[in-house]
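Q: I would like the atomic coordinates for the input below:
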Amino acid sequence: MSLAAYRNLMRAARIAFQGDVHVLSAAQNQIRQGFQENRALDSDSNIQTAIKHAEDVATILRQNIVQGEKIQSEGDKHTYKLRIHEHTERGDNDSILTAGNGKSSGGCGCN
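A: Numbering: from 1, shown residues only. Now for the predicted structure:
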């Protein structure tokens, strides 16, 4: 199961950092290092926690990381091209539409 999580995480890094050799290489090294450090885990619950963490990181990499490349720069204005791929999560902005209408409670639980 940890091999599947490792491969899933490596695939997610390739998707998230496609075309950026330096960042992809650093991410792959970090993944390898993390799995090497956790290789000696003996408790089944610790192993399951580490695998769950790897799967969660893979999901975030795949769905929430978007690369931007600067394509134009004029003074203080910069234009970026975003690489949004098929796995990128696209929200519907419902939370923005309901903001300020008094129907939601504050972060402290008060109205």
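Q: Give me the number of neighbouring residues for the spatially closest residue to residue 38 that is not a sequence neighbour.
A: Taking Cβ to Cβ, 6 or more residues apart in numbering, and ignoring the residues beside it in sequence, residue 38 has residue 50 as its nearest neighbour in space, at 4.7 Å. From N, CA and C alone the C-beta is placed, and that goes for glycine too. Neighbours of residue 50 under the rule other Cβ atoms under 10 Å: 18.
Q: List the contacts of residue 50.
A: Residue 50 is in contact with 2, 38, 41, counting by Cβ atoms under 8 Å, 6 or more residues apart in numbering.
Q: Next, work out how far apart the second one and residue 9 are.
A: Residue 38 sits 12 Å away from residue 9, going by Cβ to Cβ, to the nearest Å.
Q: quick one, which of these two is more surrounded?
A: residue 9 (25 against 16).
Q: Find the helix or strand that the more buried one is a member of.
A: Using DSSP states H and E, residue 9 maps to helix 2-16.
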